[in-house]
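Undergrad: What follows is a predicted structure for the sequence shown.
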Amino acid sequence: MFYLPHLFLPVLVVLAILIAGTPPEMSISGLEQAFDHFVQSYLMLSLPHWIWAAVSAYFDTSKNSAVGGFIGLHLLLVVIALLIFMQPAPESANGWFIYYFGAPVVIILGALAGMYFSAWEKSK
């Protein structure tokens, strides 16, 4: 059950992207298109989160390791989103490739940090 708050953070980033973009037209078709873009953007940005949730549940990792991996993903997502929002150039959107290629690295680093934190907490 502790996965749900971690799967919610990409929703906040998608909402920030939608607010920063052009507003949808105020009609039923405009709202449908905005909702379609919202769903596609959420699925695109939350894919590493869902994969890590599935892998950590399948291999029954400790809670601290799973949360550490999620925290690493959250930090990467926020840093990449801020970098893209600060750069007005269209080619700054290529930063999302860094998000996908860097996601496995930060998951591993976060899971290791969570594992060491758990060991440190038990040794107290």
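TA: Cool, got the structure. Numbers count the residues shown, from 1 in each chain.
Undergrad: CA only for contacts and neighbour counts going forward, please
TA: Will do.
Undergrad: what's the helix or strand for the residue nearest to residue 64 when sequence neighbours are not counted?
TA: Leaving aside its chain neighbours, residue 64 sits nearest to residue 114 (4.8 Å; criterion: C-alpha to C-alpha, 6 or more residues apart in numbering). Element membership for residue 114, per DSSP states H and E: helix 95-123.
Undergrad: which helices and strands sit right next to that helix?
TA: Helix 95-123 is packed against helix 28-58, helix 63-86, with contacts defined by 3 or more C-alpha pairs under 8 Å, 6 or more residues apart in numbering; DSSP states H and E.
Undergrad: quick revisit: and for the residue nearest to residue 64, the neighbour number?
TA: 23 (other C-alpha atoms under 10 Å).
Undergrad: swap in the one 10 residues further on?
TA: Here the neighbour count serves as a burial measure; for residue 124 (other C-alpha under 10 Å) it reads 5.
Undergrad: any idea how far it lies from residue 117?
TA: 11 Å (C-alpha to C-alpha, to the nearest Å).
Undergrad: Please apply the same query to residue 37.
TA: Noted for residue 37: a distance of 39 Å to residue 117, by C-alpha to C-alpha.
Undergrad: Output the below-cut-off pLDDT ranges for this structure.
TA: Per-residue confidence for the chain (pLDDT under 70) gives these ranges: 1, 21-24.
Undergrad: So the residue nearest to residue 64 sits against residue 71, correct?
TA: No: counting by C-alpha atoms under 8 Å, residue 114 does not reach residue 71; the two are 9.3 Å apart.
Undergrad: can you list residues touching both of those two?
TA: When contacts are counted by C-alpha atoms under 8 Å, 6 or more residues apart in numbering, residue 114 and residue 71 have no shared neighbour.
Undergrad: thinking again about what came up before, single out the most deeply packed of the helices and strands packed on helix 95-123.
TA: helix 63-86 (a mean of 20; mean count of other C-alpha atoms under 10 Å).
Undergrad: Could you measure from the closest residue to residue 25 other than its chain neighbours over to residue 46?
TA: Distances taken as C-alpha to C-alpha, 6+ apart place residue 31 nearest to residue 25, at 7.1 Å, with adjacent residues excluded. The spacing between residue 31 and residue 46, counted by C-alpha to C-alpha, is 22 Å.
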